[in-house]
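> I'd like to go over a predicted model; first the sequence, then the structure.
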Amino acid sequence: MSVSPSDEEAVGKQLGRTPRGIRSVAHRCSCGLPDVVETEPRLPDGTPFPTTYYVTCPRLASAIGTLEAEGLMKEMTDRLSTDEDLAARYRAAHESYLAHRESIEHVEEIAGVTAGGMPTRVKCLHVLAGHSLAVGPGVNPLGDETLHALQDWGRRGPCV
């Protein structure tokens, strides 16, 4: 897979640094720019990288950060211990995430490890929202909930 030079440039501006290990643009914002990229399981320097879907848009990242600061992660984690159906769907999201990453490359150091706290807790809404944006609704229930709590981050136009 390749990423166009213009997409790589946009992601670099969004991140404020040269992007590393991008496989593809996993989702585009309503403004047309990438907002989530799919990354290699091992970065070019050899570092294992479990975050397959990485949020790049600063507006989206900021909005998600606000939800984290408001305590949404704790609320979601608490619900996982009392809602068996939610816990089962979240575990299935974890398994889907692992299967996709494994289909790209097996990296022993991160085998069985997803990101964002899956499958038993919520520690990063950015990962969960990125997963939902990349694979579509219905796969990661807590990623979907995170996205439903957000306004359209691209409504003001390009973020770079």
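Everything's here; your move. Numbers count the residues shown, from 1 in each chain.
> can you name the element that comes right after the helix or strand harbouring residue 78?
For residue 78, the element it lies in under DSSP states H and E is helix 72-80. Toward the C-terminus, helix 72-80 is succeeded by helix 84-104 as the next helix or strand (DSSP H and E).
> just the angle for that next one relative to helix 72-80, thanks.
Note on geometry: by axes from the mean of the first three to the mean of the last three CA atoms, to 10 degrees, helix 84-104 and helix 72-80 are set 110 degrees apart in direction.
> which helices and strands sit right next to the following helix or strand past helix 84-104?
Remark: after helix 84-104, the chain's next helix or strand is helix 125-135, criterion DSSP H and E. Applying 3 or more CB pairs under 8 Å, 6 or more residues apart in numbering; DSSP states H and E, one finds that helix 125-135 makes contact with strand 22-28, strand 34-39, strand 53-55, helix 58-69, helix 84-104, helix 141-148. In short, each C-beta sits where N, CA and C put it, glycine included.
> so can I have CSV of those showing mean pLDDT, mean neighbour count and distance to residue 10?
Shown next, in CSV, are the helices and strands packed on helix 125-135 (pLDDT from 0 to 100; neighbours: other CB atoms under 10 Å; distance: least, CB to CB, whole Å):
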stretch, mean pLDDT, mean neighbour count, distance to residue 10
strand 22-28, 97, 19, 9
strand 34-39, 98, 25, 6
strand 53-55, 97, 26, 14
helix 58-69, 97, 17, 11
helix 84-104, 97, 16, 23
helix 141-148, 98, 21, 21
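> cheers, nothing more for now.
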